[in-house]
Structures are given as C-alpha cells and as structure tokens.
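**Q** My questions concern the predicted model and sequence given below.
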Amino acid sequence: MAKFNKEDRPEVTPEQMYEIATRVAERTLNDPEISKKIRDAGLIMRFEYHDEERWGPDVVPEITVDCTKDPVQIITGPCDVKPNLQMSMEALTAHLFWMQKLNLMTALTRKQIKAKGPIQKAMKLLPLLKVFHENYKAVLKELGRDDLLAFPPD
C-alpha cells in the first residue's frame, strides 16, 4: 500500500457511516446462510468509531449488532443493549479494514483496533468477512462514493 496522508482521507460524517454500515449489513444478511452463521455465533457486538480531528472528542458513533436476534438486529447510535464484544477504532482504521488494506490480526496486535470480550468466538466469523468486504465496496459504489473507493491510493 502506498503511503498516504491521514489528512487526505475523504470526509465521512457519523450519519454517512451509519447509512453505509446499515446497507452493508442488510445486503450481507439477506443471505440466509450467512445470517444463520452469524446468529450461531451468539454474539452481541458493539463497534465504536472515533475521528477526534473531524468530529471532536464527544462524537463516537456506535453500531451494535445483536446476533442473538432473528433476524440479526443492527442498531445505530447509543442503545441499552449490552454487548459481550466491544471493538473500538478510528473511523479511518475501519475503512482501511473494509477496503482490505489492513490486516485484522495486525491491527489488534498494534492496538489500532481495541477489543474487549470473547475475541476467539468472533474469530470464527472470519470466513464471512470476504462477503462483507465485497458488499462494503458495492455499497460505496451505489452511493457514488468514488472518493472512498479510491482511498487509500494503491
């Protein structure tokens, strides 16, 4: 991957993040086989995203994925559902991960992604990530976010 300046990253608001995440989840969970495998994990996952430079220290978008529900429930924003797995990262880190420019294990080791909870249980879902990666790119294309698709430059 080519070097890039963090400042060159495209602008994404928390609301846009929620829209992208919801569309990716809905698109992926429409596959009954994938949906069942995710439910079988029995996890309630919360993803927290930070971009202090752009959103300030008090804006931390959250996405909760309740895999104990059928259908799997996606909740954007703060909620009362208690997660058993929490993952926290910069929004840029999440984008790099979904664009397949960042290795999950490396990011966890380097604390670019901070995880609390049964990470081993979540690792069983790794084979499903390929579909999420594909759908992330497809949703960005549908939304006309060529700026995000092109970042970071190769």
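**A** In hand now; what should we look at?

**Q** which of the residues in the helix ranked longest in the chain are buried?
**A** In terms of residue count, the longest helix belonging to the chain (DSSP state H) is helix 14-29. Buried residues in helix 14-29, counted by 16 or more other Cβ atoms under 10 Å: 14, 17-18, 20-21, 23-25, 27-29. Any C-beta I mention is one placed from the backbone N, CA and C, and that applies to glycine too.

**Q** got it, and stretch 114-134?
**A** For stretch 114-134, burial by neighbour count (16+ other Cβ under 10 Å) applies to 115, 117, 122, 125, 128, 131-133.

**Q** Now do the helix or strand Ala94 falls within: which elements does it pack against?
**A** Ala94 belongs to helix 91-98 when assigned by DSSP states H and E. Here helix 91-98 touches strand 44-50, helix 104-109, helix 129-142, going by 3 or more Cβ pairs under 8 Å, 6 or more residues apart in numbering; DSSP states H and E.

**Q** what's around the closest residue to Lys124 other than its chain neighbours, how many residues?
**A** With Cβ to Cβ, 6 or more residues apart in numbering as the criterion, Lys124 has its nearest non-adjacent residue at 6.2 Å, and that residue is Ala41. Around Ala41 there are 20 other residues, counting by other Cβ atoms under 10 Å.
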